[in-house]
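J.: Requesting a structural model of the entry that follows:
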Amino acid sequence: MARSDDEAKRPKLADVGAETDHFSALPDDLLISILVKLRDAAAACKTSVLARRWLGLWAQLPELHFLHADPDHIRDALNAYRGPELLLLSVVAEDASPESVSAWLPIAARRVSGALRFQNSPSPQRGDDYDDDDLALPCFGTAVEILLNLQVLRLALPANGVFARLTKLYLFGLRLRGPPCGLGDAVSSPRSPCLKFLSVIEVWVLDDLTIHSESLEYLLLEELPELQHLVVKAPALRELAVHNCLDNALTSTRLVADISAPVLELLMWPTLCNPRSVQLGEMPHLRLLAIASFQVYGQDNSPAMMNRHLVAVLRRFQSLKRLTLSLTYPPDIRTYRFLMGGMESLPDITFLALHVTSMQHSFGASLFQVLRMCTSIRVLHLYFDVKPEWQMEETVCLSDCICDEPQEWKTEELVLDGLEEVEIFDFGGTEHEVAVVKPLFCWATVLKRMKVNLLYSVTESRGGELRNLFLSFCRPEILLEIRRRGRLF
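T.: Down below sits the predicted model:
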């Protein structure tokens, strides 16, 4: 059949592609850098249909990203990989089973030379239904970073093999299989000789953790409800954070934790207050410490004992660059007694961060007691605890409350002759808050700067009133800043 003139003049699709395919003239490394930005291995693979020049480029990418991909496709992609180094393998799955992950994980152990990041999220229909089978983690001999967020899956660590290049390990939301291999064995120096960063969060079936590591520098343990015993021997450890773990250390009379970290610089352990159950080795380089709360009022000897233990822990250190403490009040203290009297000095502190959970009570006496124990501070940060409105209504300070006792803090002299800077967070302008801030201007004889961050609910007019109030007792040489949501009053 004869073609029309228009059809004869119309260029062929191949001709158009040949004239407009400028990408194929680019060098491979530039094309690969373009495909990497897709952050989708399936999409990168589909570019092979564009031209012969693109064929197989996806298999050389330094990063492979899979989002809810079929496990068999992940396996096939890893088998087809031809790149010099797989620097990142990222897999995001929903409701994955141990069997589906095992389809590609052993191949990944041989391919990954950079980071493995696997995140699994359970479907809403699953509920608390857990898999009884284990996900066996192979030994990643060349990976430098592993992140596993498994949620409902149970992980079995490899009984042998060396993670020769592993420097960072993140374990989140998983259940651990017990012996023959425990977590401590896997992360200690014989099997993880280069490990520097270890984060273990929301892990179950972990009651004992013993780590002997020559290389570990950062250790984070958080939300480990079954952990009963902890041993850390880490001569290079610089930072240790323990949150919501080892609750038995509060009351136990036997050793629960043994920490040897001679170069430790930062220790965050909100429940650390019992020197009998927690053994801390010498830490001459410690500069930042954040530990348990002072119980301001109590009915029996238990809170008072915790306060004494807390002071005993603090006295182990001669000086600290920064100390973070909390003052905690019960809602109703009418039948309680003040527990902070008679305490002596704290370490030589440069920076004190004090969190106050007052439950709308007067907290002048407790604040005065803490400041009297650390008169060398140069910087003071005060954080006022903010409660939802419904909770505030349930914690109204009653007329016969004893929170204003003892009242000696209102008349006794206190000299903070090193305090130069004070910053207050979530200041609402309540009567109790004003009552404790006002004397700070007198106690801090060399104060240079006072910065007040108002509570978000403070109105414009109330903010102006508070500014005038502060100016009324602020010395001329003090730089006063009052802000709400970043705006300067």
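J.: ok, which stretches of the stretch 251-400 of the chain are helices?
T.: Along the stretch 251-400 of the chain, the segments classed as helices by DSSP state H, counting those that start in this stretch run 301-314, 364-373, 389-393.
J.: Kindly reformat those helices as TSV containing mean neighbour count, mean pLDDT and distance to residue 295.
T.: For the C-beta atoms, the positions are set from N, CA and C on the backbone; glycine is no exception. Output for the helices of the stretch 251-400 of the chain, formatted as TSV (neighbours: other Cβ atoms under 10 Å; pLDDT from 0 to 100; distance: least, Cβ to Cβ, whole Å):
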stretch	mean neighbour count	mean pLDDT	distance to residue 295
helix 301-314	18	83	4
helix 364-373	21	93	10
helix 389-393	9	51	20
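J.: what's the closest of those helices to residue 433?
T.: helix 364-373 (9.9 Å; Cβ to Cβ).
J.: before we move on, back to that, output the helices of the stretch 251-400 of the chain as a markdown table; include the columns distance to residue 262.
T.: Below are those laid out as a markdown table (distance: least, Cβ to Cβ, whole Å):
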| stretch | distance to residue 262 |
| --- | --- |
| helix 301-314 | 18 |
| helix 364-373 | 27 |
| helix 389-393 | 44 |
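J.: Quick one: closest of those helices to residue 472.
T.: helix 364-373 (18.9 Å).
J.: what does that closest one rub up against?
T.: 294, 296, 325, 327, 338, 340-341, 343-346, 352, 354, 356, 377, 380, 404-410, 412, 414, 416, 432, 435-436, 443 (Cβ atoms under 8 Å, 6 or more residues apart in numbering).
J.: quick one: residue 477 and residue 449 touch, right?
T.: No - counting by Cβ atoms under 8 Å, residue 477 sits too far from residue 449 to count as a contact (10.2 Å).
J.: Separate out the buried members of the contacts of helix 364-373.
T.: Buried members of those, scored by 16 or more other Cβ atoms under 10 Å, are 294, 296, 325, 327, 338, 340, 343, 346, 352, 354, 356, 377, 380, 404, 409, 416, 432, 435-436, 443.
J.: How about residue 469: what's its closest non-neighbour residue?
T.: Spatial nearest neighbour of residue 469, excluding adjacent residues (Cβ to Cβ, 6 or more residues apart in numbering): residue 434 at 7.0 Å.
J.: Are we agreed that that neighbour is in a helix?
T.: Yes - according to DSSP: H, G, I helix; E, B strand; the rest coil, residue 434 belongs to a helix.
J.: Could you report the neighbour count for it?
T.: 15 (other Cβ atoms under 10 Å).
J.: Wait, it touches residue 473, no?
T.: No - in this structure, residue 434 is not within contact of residue 473 by Cβ under 8 Å, at 9.9 Å.
J.: how near is the residue nearest to residue 469 to residue 384?
T.: Note on residue 434: its distance to residue 384, by Cβ to Cβ, to the nearest Å, is 12 Å.
J.: Show me what residue 208 is bridged to.
T.: On the basis of DSSP bridges, residue 208 is bridged to residue 229.
J.: Now do the buried residues in stretch 464-483.
T.: Buried positions in stretch 464-483, judged by neighbour count with 16+ other Cβ under 10 Å: 466, 467, 470, 474, 478, 482.
J.: mind checking the SS state of residue 163?
T.: Under the three-state scheme (three-state DSSP), residue 163 adopts coil.
J.: what's around the residue nearest to it when sequence neighbours are not counted, how many residues?
T.: Nearest residue to residue 163, sequence neighbours excluded (Cβ to Cβ, 6+ apart): residue 192, at 4.7 Å. Look at residue 192: counted by other Cβ under 10 Å, it has 23 neighbours.
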